[in-house]
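Novice: Structural data only, the sequence is not supplied:
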């Protein structure tokens, strides 16, 4: 069936919509420029244009953060991602996210521009958490976890045929920092790796302080941890 006429009709409609949006925001249409426009209207942020800076941020025009810079980001899916920039660093991060990522959403042909959640971070606090001084350790925590390709190769090396994998985004909610650190997922699986670079004599103190920070920052809400879980299956050779 030839759908070319219908496609042409939809493209004309898309071009009209995009042209209208571009005229409205006075910028080329992409998720970054639209996010900047939304932030400017709702939060009073002026977008800076500087040919001498690699990263271009907005700046609060009024309110308690007047005059301070902010990096506005819009992520189509809520996957727990944040792009940290340090050249130069912004004072704050304002992050829009769409719906929680799921297996269906990950493979979806359509990714609507929707804002379901808004997050606000103090960049100094993020860097004070040790990301600048312990970048190598933080990177190791990320890369040492096996990838989907690693898991599939292990299955093939074990002699399995027809290896297939499914990956899903799982979210775990905790009512307190204490509940977070008492969770088997944390204490038995993740925490031993997380704190291996911390001196043994300081680990209880560090965990207690982390629990306090979680309780302070969640503002009576739940503390969420997002993980990517992968299931790999295959047939035993000769079966």
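Specialist: Cool, got the structure. Just so it is clear, the model here is predicted, and its values are computed rather than measured.

Novice: residues contacting residue 126?
Specialist: If you count contacts by Cβ atoms under 8 Å, 6 or more residues apart in numbering, residue 126 has them with 84, 93. Quick note: C-beta positions are derived from backbone N, CA and C, even for glycine.

Novice: Report the secondary structure element holding it.
Specialist: helix 123-126 (DSSP states H and E).

Novice: Can you give me the buried ones in that helix?
Specialist: Residues 123, 126 are the ones in helix 123-126 that count as buried (16 or more other Cβ atoms under 10 Å).

Novice: now do stretch 111-128
Specialist: For stretch 111-128, by 16+ other Cβ under 10 Å, it's 121, 123, 126.

Novice: want to throw those residues into TSV with pLDDT and distance to residue 84?
Specialist: Below are those laid out as TSV (pLDDT from 0 to 100; distance: Cβ to Cβ, whole Å):
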residue	pLDDT	distance to residue 84
121	87	10
123	85	8
126	73	7
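
Novice: Which of these sits closest to residue 215?
Specialist: residue 121 (17.5 Å; Cβ to Cβ).

Novice: The closest one and residue 95, how far apart?
Specialist: Residue 121 sits 7 Å away from residue 95, going by Cβ to Cβ, to the nearest Å.

Novice: which residues are common contacts for those two?
Specialist: Shared contacts of residue 121 and residue 95, counting by Cβ under 8 Å, 6+ apart, come down to residue 82.

Novice: Contacts for stretch 205-217, please.
Specialist: Stretch 205-217 is contacted by residues 174, 176-178, 180-181, 191, 195, 198, 223 when judged by Cβ under 8 Å, 6+ apart.

Novice: Let's see that with 6 Å instead.
Specialist: 176-178, 181, 198, 223 (Cβ atoms under 6 Å, 6 or more residues apart in numbering).

Novice: Show the contacting residues for the residue nearest to the spatial centre of the chain.
Specialist: By Cα atoms, centre = their mean, the mean C-alpha position of the chain lies nearest to residue 81, the distance being 1.4 Å. Going by Cβ under 6 Å, 6+ apart, residue 81 touches residue 75.
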